[in-house]
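K.L.:
Predicted structure and sequence below. I'll ask about it afterward.
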Amino acid sequence: MIEVNKLSVKIQDKTLLSGIDFHVDDGNYWVVVGPNGSGKSTLLKTLMGILPIHSGQISLNQRHINQYKQRERAQLMSYVPQNSGRELPFSVEEFLKMSRYSYHSPLSEWSNQDQQAIEEALTITDTQSFRTRLMKTLSGGECQRVMIAAALSQQTPLILLDEPTSYLDPHHQVEIHQLINQLNKTHQMTVIEVSHDINHAAHPDKQVLALRDGQVLWQGNGPDLLDKQRLKQLYQQDFTFVVHPTNQRLFALAETP
Ligand SMILES: Nc1ncnc2c1ncn2[C@@H]1O[C@H](COP(=O)(O)OP(=O)(O)OP(=O)(O)O)[C@@H](O)[C@H]1O
């Protein structure tokens, strides 16, 4: 579905990404990990066409990403950016309606299918009760769920999420991860998620792209991330490993001095 070859991204002579190679197959769930400032958000923004490619190439369904019109791209990829939404001068429902723009021409009318798409998105993110609220009045976690609802309203086969659970309480973190898993497993939605949660990334159903200093340090199957040397190299931090008492999976705990 996505093929990234020798990608490099520069802003004002500063290299943010270089030599990035990876490919995402239909139905994959990739988690992008790495220390602060390693280029994770830059990678998502470049995949979305928000930041320009300096060299190398990104193909989506075997077609260069720059050959897609904005509207075509919005029917294929949705994006949940980090920490955003509360600056928008709209109600939740107005915002969700806007996320359907790629299915409309200037003269087309709001359809039952459009309404159904936003109702489903409101239901599965448990945000129905916010529909008339202004975005700027939502809490951080409420806003994050609405941003996910907006992405789901787009009904795309691929979703990119930048730390989608960073503002959520433990209950909503679990719910949102269950939701993303379900979209991936049941609806075969392809997922690329940026996360700082290495135990989440290390799940057997996930693949991991580990970035450091704008380069790929390692990529592979989720569970293989939990390697002492690898994590030390990635985060300059020592970890201890424990076996989870109920599911027997390995978990990493950051060591404290
Ligand atoms: N528009 C910009 N101009 C200059 N530098 C930028 C710009 N955007 C990002 N950077 C820099 O590029 C590097 C990578 O940023 P990016 O946001 O991709 O990191 P990240 O891995 O997502 O970090 P975090 O985990 O802190 O969210 C950082 O050093 C950042 O300061």
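P.N.:
Ah, there it is.
K.L.:
Distance check, residue 67 against the ligand.
P.N.:
Distance, residue 67 to the ligand, using C-beta to the nearest ligand atom, to the nearest Å: 25 Å. Using the backbone N, CA and C atoms, a C-beta is placed for each residue, glycine as well.
K.L.:
what's around that residue, how many residues?
P.N.:
When counting by other C-beta atoms under 10 Å, one arrives at 10 neighbours for residue 67.
K.L.:
do the same with residue 186
P.N.:
8.
K.L.:
what's the neighbour count on the closest residue to residue 132 other than its chain neighbours?
P.N.:
Counting by C-beta to C-beta, 6 or more residues apart in numbering, residue 132 lies nearest to residue 91, which is 5.8 Å off, once chain neighbours are set aside. The local packing of residue 91 (other C-beta under 10 Å) involves 16 other residues.
K.L.:
cool, and residue 234?
P.N.:
Neighbour count of residue 234, defined by other C-beta under 10 Å: 20.
K.L.:
Just confirm yes or no for the helix or strand hosting it near the ligand.
P.N.:
Here residue 234, judged by DSSP states H and E, is contained in helix 228-235. No. Using C-beta under 6 Å from any ligand atom, no contact is recorded between helix 228-235 and the ligand, whose separation bottoms out at 11.2 Å.
K.L.:
that older thread, quick one: the residue nearest to residue 132 and residue 137 touch, right?
P.N.:
No. With contact defined as C-beta atoms under 8 Å, residue 91 does not count as touching residue 137 (9.5 Å).
K.L.:
still on that earlier bit, how about the helix holding residue 234: buried residues?
P.N.:
Neighbour-count burial for helix 228-235 flags 230, 231, 234, 235 (criterion: 16 or more other C-beta atoms under 10 Å).
K.L.:
check contacts around the second one.
P.N.:
It refers to residue 231. Counting by C-beta atoms under 8 Å, 6 or more residues apart in numbering, residue 231 makes contact with 198, 225, 237, 239, 252.
K.L.:
near the ligand too, which of those residues?
P.N.:
Counting by C-beta under 6 Å from any ligand atom, no member of the contacts of residue 231 reaches the ligand.
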